[in-house]
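Colleague: pasting a predicted model and its sequence here:
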Amino acid sequence: SKSDLVIAGGGTLTVTGNANNGITGKDTLKIEDTAVSVTAANHGINGKDCLVLKQTDVTVTSGGDALRATNDSDTALGCVLIGASTLTLTAGEDGIQAETTLTLFDTACTVTSGGGSSAALADGVSAKGIKAGTDITVRSGSCTLDCADDAVHANGNVTISGGTFTVTTGDDGVHADNAVTITDGTLGIRECYEGIEGQTINISGGTIDITASDDGLNAAGGADQSGFGGRGPDSFGGNSDCCITISGGTIRIDASGDGIDSNGDLTVSGGEIYVSGPTSDGNSALDYDGSATVTGGTVIAAGYSGMAQNFGTDSTQGSILLTSRSTSTETIRVTDASGSVLAEFTPAKAYSCVIVSTPALKQGGTYTVTMGGESTDVTLDSLIYGSGGMGGGMNMNMMKQVQKMQQDMQKMQAELEAKEYEAQAGGGVVTAKVSGKRELLALTIDPEAVDPDDVEMLQDMIVAAVNEAIRAAESDAAANMQQITGGLGLPF
């Protein structure tokens, strides 16, 4: 339709777009009280100015985006509003894509994007589950998201005030360039690169479970670049505007990187936080560049000791950091002088260091911390016991950046080695293809250009083509290396 399009009134509509899109409205597209099934070679359902779904059952299988609104010339348009509906979306690219705002409520949504969390994602392809150019708001309902790219992604803010999420993703579980705010709801992020990422993260309620191959919570500033090949580390950096604030809810994190990582401040005033942190000294259960303050709530964070950090002296609640001589997976338990259990937690993997804070820890009190089969009596002469730290002459912020850089370099190296680079010589007479490892994979010579009386020229063209392909591989590697190391100012 070249103007507003409304599909309503009950019944079932089945659309097959063998060449392009399934349903397209040039203005507002509204679907209400109707069952719609779309199969499309490109995009499934496209409402340019606005896409509204209400009390509808929609199934889309598409090569491009499943649902989208695309008007980028007016900030009041390009929005998606979905309520009281059931969605089953299988998309080659984004599941739901709004140029501006995206709002979901009372909707059961199942999205598979880009082939799912285990699929390889081609360069430049966006295959996010729920994506908005400005803000995403989820008030209620349920979302099952299996995505090659970020599951929930906003270039502005993400606000979740209810609903249930079940997420597996090849990249971030929830990402916002600006603020992530969670006041209620249940988030089960079972597989991801980073769990929840934004310049600021504010959690005041809900139940959050995260299993991450990198950081569980990450507050960082900058625009999301989605890493190499569309996934992986984002080009974020630390600044004073970054912060993580937790005042309520229950948060459980199993992270291979930092459990909670703020490139600014970390503030905890309530809730329950349990962290199974990294099993290497290059990351820590709690990681912050600014200040860390605890004034309430329960925190038990376990990890390795190499970069361990405790809460700071501005805290008004007691916090204990202890390190064990060996690693263990045994239960961490804190008891008072009478033997009453104040807090306990069994980490999901081995640890050698633990940070414990709970309202029952008072200055002047004596407590017993059991970890790794050992019991240690701690008297809180001040509210903060144990400061962690790290050896050597390098400051902590620089060390964290170096450790992060090393991880990013390993990922980059693997992806570069899988690439192929091609170059020609003699106007296409000779074509050479090399791998990212600088290994010659193929050499093609135009038979018509072979002159038995001038073998030397052919040899020169072969050398030129191979060298040019190798230079292309080296140039790509150098550009990616600069992207990783540029923030440190290192000379390579």
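Modeller: Great, that's in hand.
Colleague: tell me which residues form a beta bridge with D254?
Modeller: For D254, the beta-bridge partners are T211, S276 (DSSP bridges).
Colleague: that one contacts T346, correct?
Modeller: No: using Cβ atoms under 8 Å, D254 is not in contact with T346, being 11.9 Å away. Backbone N, C-alpha and C define where each C-beta goes, glycine included.
Colleague: between those two, point out the one with more neighbours.
Modeller: Taking neighbours as other Cβ atoms under 10 Å, D254 and T346 compare with D254 leading, 19 against 13.
Colleague: number of residues surrounding the residue lying closest to Q55 once chain neighbours are set aside?
Modeller: Of all residues not flanking Q55 in the chain, A84 sits nearest, at 4.7 Å (Cβ to Cβ, 6 or more residues apart in numbering). A84: 16 surrounding residues under other Cβ under 10 Å.
Colleague: show the backbone phi and psi for A84.
Modeller: In terms of degrees, to the nearest 10, the main-chain angles of A84 are phi 50, psi 50.
Colleague: any idea of the pLDDT on A337?
Modeller: pLDDT recorded at A337 is 93.
Colleague: show the contacting residues for D65.
Modeller: Taking Cβ atoms under 8 Å, 6 or more residues apart in numbering as the contact definition, D65 lies against 43-44, 46, 91, 93-97.
Colleague: poorly predicted segments of the protein, please.
Modeller: 1, 221-240, 388-404, 484-492 (pLDDT under 70).
Colleague: so what's the residue nearest the centre of it up against?
Modeller: Nearest to the geometric centre of the chain sits D172, at 1.8 Å (Cα atoms, centre = their mean). By Cβ under 8 Å, 6+ apart, the residues touching D172 are 150-151, 153, 192-197, 224, 234.
Colleague: now D33
Modeller: Contact analysis of D33 by Cβ under 8 Å, 6+ apart lists 8-10, 54-56.
Colleague: ok, and the most crowded of the residues you listed?
Modeller: Of all these, T56 has the most neighbours under the rule other Cβ under 10 Å, reaching 22 neighbours.
Colleague: that one contacts L29, doesn't it?
Modeller: No: with contact defined as Cβ under 8 Å, T56 does not count as touching L29 (11.7 Å).
Colleague: pull up the distance across stretch 304-315, start to finish.
Modeller: Distance between the two ends of stretch 304-315: 23 Å, counting by Cα to Cα, to the nearest Å.
Colleague: buried ones in that stretch, by neighbour count?
Modeller: Buried residues in stretch 304-315, counted by 16 or more other Cβ atoms under 10 Å: 304-312, 315.
Colleague: part of a helix, is D408?
Modeller: Yes: counting by DSSP: H, G, I helix; E, B strand; the rest coil, D408 is part of a helix.
Colleague: quick revisit: any chance of CSV for the buried residues of stretch 304-315, columns secondary structure and distance to S291?
Modeller: Shown next, in CSV, are the buried residues of stretch 304-315 (DSSP: H, G, I helix; E, B strand; the rest coil; distance: Cβ to Cβ, whole Å):
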residue, secondary structure, distance to S291
Y304, coil, 23
S305, coil, 21
G306, coil, 21
M307, coil, 17
A308, coil, 16
Q309, strand, 11
N310, coil, 12
F311, coil, 9
G312, coil, 5
S315, coil, 10
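Colleague: need those residues in a markdown table with distance to V38, can you?
Modeller: Converted to a markdown table, the buried residues of stretch 304-315 look like this (distance: Cβ to Cβ, whole Å):
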| residue | distance to V38 |
| --- | --- |
| Y304 | 50 |
| S305 | 54 |
| G306 | 52 |
| M307 | 50 |
| A308 | 52 |
| Q309 | 51 |
| N310 | 54 |
| F311 | 52 |
| G312 | 54 |
| S315 | 55 |
